[in-house]
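A.B. asks: got a structure for you, letters missing:
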C-alpha cells in the first residue's frame, strides 16, 4: 500500500506489525486513546531496601523468560556497559526470542551481535543502530524485525501500550537502596535520564543498575523509587571517558562554516527571529557552527532567546552562561560542558515524552520556532533519510529528527550537496525517515532551497542575499558532478521498518544484496 | 461483616461500593494490579496555546454532563476559590449527580452545601470535610456517600482506576499558556501541588486554572503541560491571606508543652534516634512543640536528621536552615515559612503518591522512623479516630494519618486525655480511621502507653523516666474524671465510609439522630 510519502509498504509487513501506512504528519492530531498502565506490585512494608545481589538474581526475580521485551536507554552512548552486561546474562541463562526496546543502540553494543545470530535476540526497537548491529540487521541476521522509532515515537509506542516492556533496565549514575535514580553524580555521569522515564512509567518491572549507591533519599530523583522494583549495584555501568566525548570542537571545515553562515543569515531574516524565540540544533559540525554564529548575531541585534532544546552541546550551554537564553530544556548531554551545565538552575531536565511524544497533550517540540538538522540524503520532495547509508546498510538513528521537524515552525536541514562522491540531494532518498512535509528549508554548500509550500518563507526571503535555488536545481548540480549513482541492490526480504512518530509506517528497509560487479 | 478492627460493615455498603472489609495493614503487600491509564487526546500541531476564555467554556469543551466526577486539590486550604467557582458554574448549567473527588474539603467550601442539598453533587470523595459540608453529610443531606480517603489511599484509588476522574481542576499559582503549572510564585502562592499530581496523571481531562499567566516554559513545572488539556485565566484562585495562615506560633499551653517533652524524651530514648533518622510531624500545638524540643536535643546530643517529611511548618523548615536535617520532602505547606522554604534547594517537592500511596513500589512513608500524630479519640486497641467528632458529626480528615502510621517504625499519637469534657482515651472510638495495629505509642498529659505488641519498645523504655501506663489505665483515669459519656445516637442510614488506605472499608459513618433529652 502506497503511503503519504509515496512508499509502497508491503501488505505482509502491515499484517505482521498491525500498523497502518503513514498518512501525513497531522493525521492523528486530536486522536483520543487510553494510556497504557503497567502491571505494578505494591510494597506496603517498612523493610526499606530493594537491593538485589546481581544481574542474574534480578532477572530471576523479574521472571525472565523466552519472548520477553527488555528495555534500555542510551545516555551512556559509546561508553554504555548496561546493555551488554544484561544481555550476556540473559544469553547465559539460555533465554531466547528476546525483543530489545532501546532508546538507541550504537557501536558499544557490537558484542550483542552473536546473540542476534543465535536467536537470543529476535526483534529490535531502537531509534537506530550503528556499527556491527546495523550490518547484522541489513544482512538479514535478525530473525524478526528492526523497528526504527523517533525519540517521540518510542514514547508514544510505550504510552499507548503498542509496545509493552516486561523489564526495563535503567543505568543510574547514582541511586539509593529504594530506587531513586539520578543522571548526575557518581562515576558515570550522563547528566539526565530523559529517555528512560517512559520505560519507568510503562514497564511492568523496573530495575535500576548503578555503580554509585548513595544514601536515601537520592533527591531530586530523575526517576522515582515509586516506579522501581529492584536495585542492583555493579562495578561499572559505563566508561566515563566515552559517555561524554569532551567539548565539541568548533569546526574549521570551510564548507561547514559557510553553510552555518547561510543558516544564521536565513534564521535572522525569518519572521520567527525575534525576542523570545526558541531554538534547537543537532551535534553536526555545521549545526554547532551555526549556533556559534547565531549567538554572535543575537548579541549584535540584541535579540534574546527564550528557550533552547536538546540534545545539548557546549555552544548551547554557552548561550545560558552568557545570558542569551532564559533556559535550556535537556533530553541528552553530548559533551562534558553539557553535563556540567545540568547543575545550572536554568538548565531543566525534560523527559523524552515531554520533549517529543506526539500523543501527549502537547510536547515541547510543538513550541519550537527553529530546529537545525542534518541528513544523509534529501530528495526532491524534501523527504529526509537519516538512518540508512548510501550503501544500503542501517547506520544512523531517527533521534528527534522527525519530531522536531514536525513541531518547529521552521525546520532547516543542513547537508553538503555531496557526501563524499554520493549526492546528498537526490531524486529519491534510499529510505524516507522524515517526511518532506515537515522540512521547510534545505541548506547546502551549493545553495539553499525553500520548500515550495512555504510561500511565506519564500516571500520573507525575497530580498535576502543568499544563494536560493530550487531543490531540483540543487539535485541537478549534484548529479552533474557525480553522475546518477548506481542504486544499491536489495533482496525482497524486509529487515527493518521506519516507524513514523505517530506509529504508522513511513518506509521499510530491505536486506542488502551482496555487491556484484555489473556484467558489462 | 466484621473487619480486622472489629467493625461490622453492612453488606449493603459492601455491595454498593464493591469493596472488601479491612483485613489488616499489610494484607495487600505484594499485590499486583494494572495501573489505570486515562483517556488522552493527542496534540500534534504547532498552534501552541491551550487558553480557553472561562470556566463555562472549558466545561463545555470537556463535555461536562450528569454523573461525571470532577476533582480538586486543597493546597489553598481555607483560602481556596477554585472548588466554589467551578461548582457554581456546573450548578448554573443545570448538571446533576456530580461526584466530587477532592484531596480535601474545608470551611472555604461551605457555599457548595446548597448544591449537595439540590442534587447537583451526589457523592463526595475527600480526605475529610469540615464546616457546613460535614454537618450536611452527617445530617443525611448527601444523596449518595461521602468516602473519606487518606492522602495515600486517594492516590491508590486513582492509580488503580477504582475512582475515575472525568475532569480534574488544578488551581495553579503560576501557569503558562501550554499548561505547565507551578505551586510557587504569583498571587496565590501555595508552595507545592503534590495532591494534584495524581489527578493530572489519571484524569481524562485536566484543566489548569490560574490567576498568574507566565511566559512558556514555566519550568520546572510541578505539573507538566503534557498532561494538561486546557488553561483558564481567572481573577483570583485563592485568598493569599488564608492560604498560608502565617508562621505557626509556638504553643504556651503547659499541658501541650508537657506532652511535647514526653514525646521528645520518648523519641531520643528509642532505638531509632540516631544519626540519619527520619521524622514527620503534624501541625497540632503539641506536635509543633515536640519538633522544637527535639531540635534542642538533637543539637545537644549531636544527632543529625537525614530527612523530614510533611505537611511542613516553620519548626521543620528551621531544622533545614540550621543544618540539622539534610533535606525536606514536602507535600503541603501550612505556613508562609514553609512556602518560602520551597526555594531552598534541599527542600524537595514530592507528590502525594510518592509520599504515601500504598500501592506503588514503595512510598516515602515506608522509610519513616518517626511520625508524631494527633487524634480526636484513641481506644483500648490503639485504634484512632481523626474524622468524626464526639458529637457524631464529620469534622476532620484522614490526611496522611493512617499512611504515616502504617509506614513509620515508630508512630506516636499525642492527645490530651480529655478533649474538653470528653475522654480522648476511650473503650471504643466513635469511628476507626487508623487501625491500632499501626499505632505504637500514645502520649497524654496523664501518662504514656506503649502498644503491647511493641515489646521491643517496652524493653527499650524500661529504665526511662517517663510516666508509662497501660492504655486501660489511661482510659480508666479519663473515665474517673468524666464518667462514661453518653454515646451519640445514630440513625441506621450510612452516610459515610472510612476507606482504608488499601481501599478496603475501615468503618462507616451513620446519619446522626437529632439530640433528645433522656426520658428518665
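C.D. replies: That came in fine, so what should we check first? All values reported here derive from a predicted model rather than from experimental measurement.
A.B. asks: helix/strand/coil for the closest residue to chain B within the stretch 51-200 of chain A?
C.D. replies: Closest residue of the stretch 51-200 of chain A to chain B, CB to the nearest CB: residue A:178 (5.6 Å). Glycine gets a C-beta too; all of them are placed from N, C-alpha and C. Here residue A:178 is coil, with the state taken from DSSP: H, G, I helix; E, B strand; the rest coil.
A.B. asks: Burial check on the nearest residue in space to it that is not next to it in sequence, number of neighbours?
C.D. replies: Residue nearest to residue A:178 in three dimensions, not counting chain neighbours: residue A:225, with 4.3 Å by CB to CB, 6 or more residues apart in numbering or on different chains. Using other CB atoms under 10 Å in any protein chain shown, residue A:225 has 31 other residues around it.
A.B. asks: Ramachandran coordinates for residue A:225?
C.D. replies: phi -50, psi -30 (degrees, to the nearest 10).
A.B. asks: Kindly report the same for residue A:281.
C.D. replies: According to degrees, to the nearest 10, residue A:281 has phi -140, psi 160.
A.B. asks: picking up where we left off before, can I assume the residue of the stretch 51-200 of chain A closest to chain B is in contact with residue A:213?
C.D. replies: No. Counting by CB atoms under 8 Å, residue A:178 does not reach residue A:213; the two are 10.8 Å apart.
A.B. asks: which one of those two has more residues nearby?
C.D. replies: Between residue A:178 and residue A:213, counting by other CB under 10 Å, residue A:178 is the more crowded of the two (26 against 18).
A.B. asks: just to revisit the earlier point, mutual contacts of residue A:178 and residue A:213, please.
C.D. replies: Listed as contacting both residue A:178 and residue A:213 by CB atoms under 8 Å, 6 or more residues apart in numbering or on different chains are residue A:231.
A.B. asks: Which residue is the nearest non-sequential neighbour of the residue in the stretch 201-350 of chain A that chain B sits nearest to?
C.D. replies: Per CB to the nearest CB, residue A:226 is where the stretch 201-350 of chain A lies closest to chain B, at 3.9 Å. When the adjacent residues along the chain are set aside, residue A:226 lies closest to residue B:360, with 3.9 Å between them (CB to CB, 6+ apart).
A.B. asks: Show me chain A divided up by domain.
C.D. replies: Split into domains by automatic domain parsing, chain A comes to A:33-243, A:254-490.
A.B. asks: Could you export those as CSV, including mean pLDDT?
C.D. replies: Supplementary listing: the domains of chain A in CSV, determined by pLDDT from 0 to 100:
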stretch, mean pLDDT
domain A:33-243, 97
domain A:254-490, 96
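A.B. asks: which SS state does the closest residue in space to residue A:439 that isn't next to it in sequence fall under?
C.D. replies: Spatial nearest neighbour of residue A:439, chain neighbours left out: residue A:382 (4.2 Å); criterion: CB to CB, 6+ apart. Put simply, residue A:382 is coil when judged by three-state DSSP.
A.B. asks: can you count the residues close to residue A:382?
C.D. replies: Applying other CB under 10 Å, we find 27 residues neighbouring residue A:382.
A.B. asks: From chain B, how far out is it?
C.D. replies: 17 Å (CB to the nearest CB, to the nearest Å).
A.B. asks: Surely that residue and residue A:454 touch.
C.D. replies: No. Counting by CB under 8 Å, residue A:382 does not reach residue A:454; the two are 9.9 Å apart.
A.B. asks: Contacts only, for the residue most central in space within chain A.
C.D. replies: Most central in chain A under CA atoms, centre = their mean is residue A:399, positioned 1.6 Å from the mean C-alpha point. Contacts for residue A:399 were tallied using CB under 8 Å, 6+ apart; they are A:104, A:127-128, A:150-151, A:282, A:311, A:386.
A.B. asks: neighbour-wise, which of those leads?
C.D. replies: Tallying neighbours with other CB under 10 Å puts residue A:150 at the head of those, with 33 neighbours.
A.B. asks: Do I have it right that that one meets residue A:126?
C.D. replies: No. Look at residue A:150 against residue A:126 with CB under 8 Å: they stay out of range, at 10.9 Å.
A.B. asks: how many other residues sit next to residue A:181?
C.D. replies: Using other CB under 10 Å, residue A:181 has 28 neighbouring residues.
A.B. asks: That should have said residue A:514, apologies.
C.D. replies: 7.
A.B. asks: quick one: it from residue A:134, how far?
C.D. replies: 16 Å (CB to CB, to the nearest Å).
A.B. asks: give me phi/psi at residue A:211?
C.D. replies: Torsion angles, degrees, to the nearest 10, at residue A:211: phi -110, psi 10.
A.B. asks: Could you do residue A:437 as well?
C.D. replies: phi -50, psi -30.
A.B. asks: Likewise for residue A:68?
C.D. replies: Dihedral pair for residue A:68: phi -70, psi 160, per degrees, to the nearest 10.
A.B. asks: check contacts around the closest residue to it other than its chain neighbours.
C.D. replies: Leaving aside its sequence neighbours, residue A:68 sits nearest to residue A:166 (CB to CB, 6+ apart; 4.2 Å). Going by CB under 8 Å, 6+ apart, residue A:166 touches A:62, A:64, A:68-70, A:203-205.
A.B. asks: Just flag the most distant two among those residues.
C.D. replies: For those, the farthest-apart pair by CB to CB is A:64 and A:203; their separation is 13.2 Å.
A.B. asks: Give me every residue in the stretch 251-400 of chain A lying close to chain B.
C.D. replies: Residues of the stretch 251-400 of chain A found near chain B (CB under 8 Å from any CB of the partner chain) are A:276, A:306-307, A:327, A:329, A:348, A:353-354, A:357-364, A:366-368.
A.B. asks: ok, 10 Å please
C.D. replies: Residues of the stretch 251-400 of chain A that fall close to chain B, judged by CB under 10 Å from any CB of the partner chain: A:276, A:278, A:306-307, A:309, A:326-329, A:345-351, A:353-355, A:357-369.
A.B. asks: count of neighbours near residue A:420?
C.D. replies: Residue A:420: 8 neighbours (other CB under 10 Å).
A.B. asks: oh, I was asking about residue A:92
C.D. replies: 12.
A.B. asks: wait, isn't it in contact with residue A:56?
C.D. replies: Yes. Counting by CB atoms under 10 Å, residue A:92 touches residue A:56, with 7.8 Å between them.
A.B. asks: Contact residues of the stretch 401-520 of chain A facing chain B?
C.D. replies: Within the stretch 401-520 of chain A, the positions adjacent to chain B are A:406-409, A:501-502 by CB under 10 Å from any CB.
A.B. asks: tell me the two of those residues that are most distant?
C.D. replies: Maximum pairwise distance in those, criterion CB to CB, is 19.5 Å, between A:409 and A:502.
A.B. asks: more neighbours, these two?
C.D. replies: The neighbour comparison of residue A:409 against residue A:502 (other CB under 10 Å) goes to residue A:502, with 26 against 19.
A.B. asks: Just the pLDDT for that one.
C.D. replies: Here, the pLDDT recorded for residue A:502 equals 98.
A.B. asks: element containing residue A:339?
C.D. replies: When elements are defined using DSSP states H and E, residue A:339 is found to belong to helix A:336-341.
A.B. asks: Buried ones in that helix, by neighbour count?
C.D. replies: By neighbour count on 16 or more other CB atoms under 10 Å in any protein chain shown, the buried set for helix A:336-341 is A:336-341.
A.B. asks: Adjacent strands (with direction) for the host helix or strand of residue A:169?
C.D. replies: Element membership for residue A:169, per DSSP H and E: strand A:167-172. Sheet pairing for strand A:167-172, assigned by DSSP bridges, gives strand A:69-72 (parallel), strand A:205-210 (parallel).
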